[in-house]
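Participant: Would you be able to build a 3D model of this:
(chains A and B)
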Amino acid sequence: MKKLIQLNVNGDARDVIVEDHYTLLQVLRTEIGLTGTKRGCDHGECGSCTVLVDGKAVLSCCQLAVEMQGKNIETIESLAEGGQPHPLQKSFVETGAIQCGFCTPGMILTAKAMLDSNPRVSEDDIKRNIGGNFCRCTGYNQIIDAVKKVAEAI
Amino acid sequence: MTLPRFTHIMPSSLDEALELLQEKGDKGCVKAGGSDLMVAMKHRTTVPEFVVNIKGLEELDFIRTGSEGGMVIGSLTTLSAVSQSDQVKKQFPILAKAAGKVASVQIRNVATLGGNVCLNTRCWYYNQTAQWRRAIPLCYKMGGKECLVIKNSDKCNAVFLADTVPALMALDAKLKIVRKGGERTIPIGDFYNGSAHPPNLIGTDEILTEIQIPEAPENAFSLFYKDAPREVVDFALANIAMMIAFQDSDGVCKDARIAVGGVTTSPVRSEKGENTLKGEKITEALMDEVADLVVKDSAPMSPIWVSPNQRRQTVRTFVKRGLKEALAHNRDK
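Facilitator: Numbers count the residues shown, from 1 in each chain, chains lettered A, B, ... in the order given. You can find the predicted model right below:
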């Protein structure tokens, strides 16, 4: 049965028509058109669908859209401000932490959630936090460097 | 992978949830964090008609001191909250450690402690997509009459892998389970009956509401170890939690609890290992003896992911490491 729900995505209230079995990922990509959030394994292992819900990193492929009402959802599209990339985005570009780019939105959002709650992180903290985000190209080193650079600058 | 169609119900109180579960019977299914259930539904291993989503019940999301000391944790407390709570870290550090070892930060942010306790058992023939499974015969877990892991076995051999459960067993936790018009509180050890299918003894009309942990004995040290191919995301190849209480600083063990998970169909307490330790001074020879008894009691037999022999070695190593560390802590105290 279709139902009309309101989702708060990147600060905008969006009315969407969903069914009970739609995942948040599905709704973000196909109903709202925010394709920055990537669909990887689609069963909670790879982290590429990571979004922030009330400031916490969660996997949108394993969340139901209907249970997201009243929550504050942030996707990668919300990070750049006034045409300027977020420090994490800038650092990823400068450090060469992007190759195919598929894991990048999830990586950046996981790193953002971590730095927002505690900017004083060690390399081990970074590794543990982004451990749930798989990258199959750059080999992680540049990604860890990119996050470290931002953490040091805060 | 799309989810199968179902009707989503979000009850506003525990009573309403219990009523719904009783009404829906086998067609209903409880969802808390959903990190286990959503994937099972995508794989079509669980296809409920009704999903009763209890995630919004704030009354089950708490960490507080118990009436007789110790701690009571609401079943909907997320694993992140458990692993980061100062109270848990101070009072029961192994629980915080075990909760922090589950999967990844994204999963811990939604997965609940109650969900981890009720985690389904896993197997490389079962946790696969519907298309993949179509190519193989039905196993016990799918309603068939054979086990594909161990040929000619008369039971399902999927493995129980929750990380927090051995820790809760070593802490002697109790579970409060409610249903419409009744409730029961049982030791966590009695919640698992040794079978992989079903993995635990919760009824379709029941909800696990509280995890109650008694005060730790005096002079006690607790330890938790997990071995996994990858530190984050991966399930355990073996995990062990131990609580060793000493007489005083002379190294004589007063009380011991050793729980092993990840090696067989259910989490196991090693009674023989514990009894051998009690009243004895912990020496190198005793450590070897206890480690062998724990291996025997936990009976690693599943060849899933690694050989039973590797699991035996891991358990043996962890037990010895734990006893050594407990002894060192006690000496330095």
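Participant: buried stuff in the lengthiest helix in chain B?
Facilitator: Determined from DSSP state H, the single longest helix within chain B is helix B:308-332. Of all the residues in helix B:308-332, those buried under the rule 16 or more other C-beta atoms under 10 Å in any protein chain shown are B:310-316, B:318-323, B:326-327, B:329-330. Using the backbone N, CA and C atoms, a C-beta is placed for each residue, glycine as well.
Participant: Same check on stretch B:278-294?
Facilitator: If you call a residue buried by 16+ other C-beta under 10 Å, then stretch B:278-294 has these buried ones: B:I282, B:M287, B:E289, B:V290, B:A291, B:D292, B:L293, B:V294.
Participant: Could you export the residues you listed as a markdown table, including secondary structure, distance to chain A and pLDDT?
Facilitator: Formatted as a markdown table, the buried residues of stretch B:278-294 follow (DSSP: H, G, I helix; E, B strand; the rest coil; distance: C-beta to the nearest C-beta, whole Å; pLDDT from 0 to 100):
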| residue | secondary structure | distance to chain A | pLDDT |
| --- | --- | --- | --- |
| B:I282 | coil | 32 | 95 |
| B:M287 | helix | 30 | 97 |
| B:E289 | helix | 36 | 97 |
| B:V290 | helix | 32 | 98 |
| B:A291 | helix | 29 | 98 |
| B:D292 | helix | 34 | 97 |
| B:L293 | helix | 34 | 98 |
| B:V294 | helix | 29 | 98 |
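Participant: and the two most separated of those?
Facilitator: Spanning the widest gap among the buried residues of stretch B:278-294 are B:I282 and B:D292, at 14.9 Å by C-beta to C-beta.
Participant: what residue ranges in the chain are flagged as low confidence?
Facilitator: Using chain A. For chain A, no stretch is flagged by pLDDT under 70.
Participant: let's go with 90 and repeat that
Facilitator: A:1, A:138-139, A:154 (pLDDT under 90).
Participant: Close to chain B: what parts of it are there?
Facilitator: Within reach of chain B by C-beta under 8 Å from any C-beta of the partner chain, chain A has these residues: A:1, A:19-23, A:26, A:42-45, A:47, A:50, A:56-59, A:61-64, A:66-67, A:110, A:113-114, A:128-129, A:131-133.
Participant: go with 7 Å
Facilitator: Within chain A, the positions adjacent to chain B are A:20-21, A:23, A:42-45, A:47, A:50, A:56-59, A:62, A:64, A:66-67, A:110, A:128-129, A:131-132 by C-beta under 7 Å from any C-beta of the partner chain.
Participant: With only the CA atoms kept, save the strand or helix carrying B:Q212 in CSV.
Facilitator: B:Q212 is part of strand B:207-213, with elements assigned from DSSP states H and E. Taking C-alpha atoms only, strand B:207-213 is exported to CSV below (Å, rounded to 0.1, in the frame of the first residue of the first chain):
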residue,chain,number,x,y,z
ILE,B,207,9.8,-9.3,23.4
LEU,B,208,13.1,-9.2,25.2
THR,B,209,12.9,-6.1,27.2
GLU,B,210,15.7,-5.9,29.8
ILE,B,211,19.2,-7.3,30.2
GLN,B,212,19.9,-7.4,34.0
ILE,B,213,23.5,-7.7,35.2
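Participant: which helices and strands does the helix or strand following that strand pack with?
Facilitator: Counting by DSSP H and E, the next helix or strand C-terminal to strand B:207-213 is strand B:220-227. If contacts are counted by 3 or more C-beta pairs under 7 Å, 6 or more residues apart in numbering or on different chains; DSSP states H and E, strand B:220-227 sits against helix B:93-100, strand B:238-246, helix B:308-332.
Participant: could those go into TSV alongside mean pLDDT and distance to B:P198?
Facilitator: What follows is the helices and strands packed on strand B:220-227, written out as TSV (pLDDT from 0 to 100; distance: least, C-beta to C-beta, whole Å):
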stretch	mean pLDDT	distance to B:P198
helix B:93-100	98	23
strand B:238-246	97	21
helix B:308-332	96	23
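Participant: Using TSV, lay out those together with distance to chain A.
Facilitator: Shown next, in TSV, are these (distance: least, C-beta to the nearest C-beta, whole Å):
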stretch	distance to chain A
helix B:93-100	9
strand B:238-246	17
helix B:308-332	21
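Participant: Quick one: those as CSV, columns for distance to B:T65 too.
Facilitator: Formatted as CSV, the helices and strands packed on strand B:220-227 follow (distance: least, C-beta to C-beta, whole Å):
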stretch, distance to B:T65
helix B:93-100, 15
strand B:238-246, 19
helix B:308-332, 24
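Participant: give me the number of residues near B:T121?
Facilitator: 26 (other C-beta atoms under 10 Å in any protein chain shown).
Participant: Quick check: it vs chain A, distance?
Facilitator: For B:T121, the distance to chain A equals 17 Å [C-beta to the nearest C-beta, to the nearest Å].
Participant: Chain A contacts on chain B?
Facilitator: Counting by C-beta under 7 Å from any C-beta, the residues of chain B near chain A are B:1-8, B:10, B:34-35, B:38-39, B:42, B:53, B:55, B:104-107, B:109-110, B:231-233.
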